[in-house]
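Student: Model the following, please.
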Amino acid sequence: MTATTIGLVAGTLTSIAAIPQVLKTLQTRHVRDISIWQPLLLSFGVALWMMYGFLISDLPLILANITPLVCNVILTAMKLRYGREDRLISEEPL
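Tutor: The predicted structure is shown next:
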C-alpha cells in the first residue's frame, strides 16, 4: 500500500466518520448521550487543519476537512437545539 493510498483511505474515513451520528441524531432528535465537547472540539480542530491546508496550499487537506467540519458543526447545533427538549422530557413526572 502506497503512502498516497493510505492518505486517501484515512482522509475518507475521517471525513465520513461523523455522518452516521448526524443521521441518527436527525432521526431520533435525542442528544442526551452526546457530549457537547466532542463535536465542539472536533469542529475547532478540523477548522484549524483546514486553515493549515489553506496556509500551505494543500487542496487534499482542505477538502478532507470540509465534511467533518460541517458534520461536527451540525452535531453541535443539534446538541444545543435538541438538548433542551431532552432535558424537558427527562424532567416530566412519570
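Student: As a check, name the ranges of all helices in this protein.
Tutor: 3-16, 19-28, 37-55, 59-91 (DSSP state H).
Student: For those helices, give me a markdown table that also has mean pLDDT and mean neighbour count.
Tutor: The way it works is simple: take the backbone N, C-alpha and C, and place the C-beta from them, glycine included. Formatted as a markdown table, these follow (pLDDT from 0 to 100; neighbours: other CB atoms under 10 Å):
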| stretch | mean pLDDT | mean neighbour count |
| --- | --- | --- |
| helix 3-16 | 86 | 12 |
| helix 19-28 | 93 | 13 |
| helix 37-55 | 94 | 15 |
| helix 59-91 | 85 | 16 |
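Student: Now do the contacts for the closest residue to residue 25 other than its chain neighbours.
Tutor: Among residues not flanking residue 25 along the chain, residue 78 sits closest, at 5.1 Å (CB to CB, 6 or more residues apart in numbering). By CB atoms under 8 Å, 6 or more residues apart in numbering, the residues touching residue 78 are 22, 25-26, 29, 31.
Student: What separation do you get for the residue sitting nearest the centre point of the chain and residue 32?
Tutor: In the chain, the centroid-proximal residue (CA atoms, centre = their mean) is residue 72; its distance is 2.4 Å. Residue 72 is 18 Å from residue 32, where distance means CB to CB, to the nearest Å.
Student: I appreciate the help and will end here.
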